[in-house]
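S.K.: just to be clear, the model below is a prediction. Sequence and coordinates:
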Amino acid sequence: LRASTTRDIGIEELLNWPNSAIDEKANVLLVDDRPSSVERLSRMLWDHCTLKVSRDPHAAFFEAADDGYDCVIVATSLAGYDPLRLCSQLRTLDRTRFVPIILIADEGEDERLVRGLELGVNDYLVRPVDQQELIARLNTQVRRKRYNDRLRASLAQTIEMAVTDGLTGLHNRRYLDSHLATLFERARSRNRPLSLMITDIDRFKLINDTWGHDAGDMVLRELASRLRKNVRGIDLACRMGGEEFVVVMPDTDAVVAEKVAELIRLQIAELPFPTGVGDQTIDVTVSVGVAGLAPDVATMEALMKRADVALYEAKNGGRNRVVA
Ligand code: GH3
Ligand code: MG
Ligand code: MG
Ligand code: MG
């Protein structure tokens, strides 16, 4: 992404479109194979944007996908090549899906223009092209694209924040809740194993009371980091709230999950945690409840309940242990 699209954008600026200025020259790709037309259009565009010309429509597709263009202008008169095919290709590829396309058509090409618009072409001009009109239409498309890019980036960031636990960077409960059912159904329908572990810090209240809340937060962050290091990319690790963590492990039966849980328990119990106060450390232990998919587990809630019962047993059995 170009700098202008990743820059933080304030809500006022977001709402201010289309009045926001084009603060950076537009990167434009012109696809045209008629020398006279290329020359005329280039002269019109030259001062107003950073222009690249592609005379070969086959190469233009790769060219467009390769560089961050703000707009692609396609002449409909390409010899031996359907320009609408290029347009539809640009619309299907992830990297060019959001690049505006302007068609330059010859007179009497109405049908083609309609088809182009249906394919997702953003605007068109009919020859003879008026320079001012071309620049005005180009600017509108560039402004809209930059605005949309920023809106998308801002939306992605907002969504990311909404499903992330602020303290540890793990997923939060909201994220887990929205994915559990899918993971469960997928495992069920493919007849694959699935396991879940709930990890709860032992006597965490005491850690807070002894070392203070900030030290408690440090423990939570360090624990999250050790947890993350010991699960796979496809596992779903999240902080449920407080000092309770859940890991969902697709394609993993309870026997393996128990081993993973035991590994995590040891990684926590055997290496003391920093307190943030000098080089003093805290001994931290966790209790873990593990449950795997079984014929008598009908729902994700039932699986969660089972892991919770196991966790309760681990606590009652003296803590610092795994119960499956
Ligand atoms: P047990 O071994 O039975 O789990 O005992 P516990 O003390 O860990 O359990 P309890 O549920 O009584 O206490 C959990 C504590 O976690 C109480 C609460 O103040 C603390 N806590 C919850 N969220 C946070 C947080 O974000 N930061 C810190 N530092 N403490 C938190
Ligand atoms: Mg508790
Ligand atoms: Mg606890
Ligand atoms: Mg707890």
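M.R.: All right, it came through fine. Ligands and ions are numbered 1, 2, ... in the order given.
S.K.: going forward, measure contacts between C-alpha atoms and count neighbours the same way
M.R.: OK.
S.K.: distance between the ends of stretch 224-244?
M.R.: Length of stretch 224-244, first residue to last, CA to CA, to the nearest Å: 10 Å.
S.K.: so that stretch, near ligand 1 or not?
M.R.: Yes: using CA under 6 Å from any ligand atom, we find that stretch 224-244 touches ligand 1 at 242, 243.
S.K.: that stretch and ligand 3, any residue contact?
M.R.: No: between stretch 224-244 and ligand 3, judged by CA under 5 Å from the ion, nothing touches; the nearest distance is 5.9 Å.
S.K.: neighbouring contacts of that stretch?
M.R.: Stretch 224-244 is contacted by residues 165, 168, 170-173, 176, 198-201, 204, 220, 245-250, 260, 263-264, 267-268 when judged by CA atoms under 8 Å, 6 or more residues apart in numbering.
S.K.: rerun that using 6 Å as the cut-off
M.R.: When contacts are defined by CA atoms under 6 Å, 6 or more residues apart in numbering, stretch 224-244 is touched by residues 170, 171, 172, 173, 199, 200, 201, 245, 246, 247, 248, 249.
S.K.: for ligand 1, tell me which of these show up nearby.
M.R.: Okay, of these touching ligand 1 (CA under 6 Å from any ligand atom), that's 200, 201.
S.K.: farthest pair within the contacts of stretch 224-244?
M.R.: 201 and 249 (20.0 Å; CA to CA).
S.K.: so whichever residue of the stretch 51-200 of the chain sits closest to ligand 3 is in which element?
M.R.: For the stretch 51-200 of the chain and ligand 3, the shortest gap (CA to the ion) falls at residue 200, measuring 4.8 Å. Here residue 200 sits within strand 194-201, counting by DSSP states H and E.
S.K.: could you do residue 167 as well?
M.R.: Using DSSP H and E, no helix or strand contains residue 167.
S.K.: I'd like the mean pLDDT over the host helix or strand of residue 118, please.
M.R.: Residue 118 is located in helix 110-119, with elements delineated by DSSP H and E. Helix 110-119 shows a mean pLDDT of 91.
S.K.: what's the first helix or strand after it?
M.R.: strand 123-126.
S.K.: neighbouring strands - and their directions - for that next one?
M.R.: strand 101-105 (parallel) (DSSP bridges).
S.K.: how about the partner strand: buried residues?
M.R.: Going by neighbour count (16 or more other CA atoms under 10 Å), the buried part of strand 101-105 is 101, 102, 103, 104, 105.
S.K.: ditto for stretch 71-81
M.R.: In stretch 71-81, counting by 16+ other CA under 10 Å, buried: 71, 72, 73, 74, 75, 76, 77, 78.
S.K.: how about stretch 176-188?
M.R.: Those would be 176, 180, 183, 184, 187, 188, for stretch 176-188 by 16+ other CA under 10 Å.
S.K.: host element of the last one?
M.R.: What it means is residue 188. helix 173-190.
S.K.: so which elements touch that helix?
M.R.: With contacts defined as 3 or more CA pairs under 6 Å, 6 or more residues apart in numbering; DSSP states H and E, helix 173-190 has no helix or strand neighbours.
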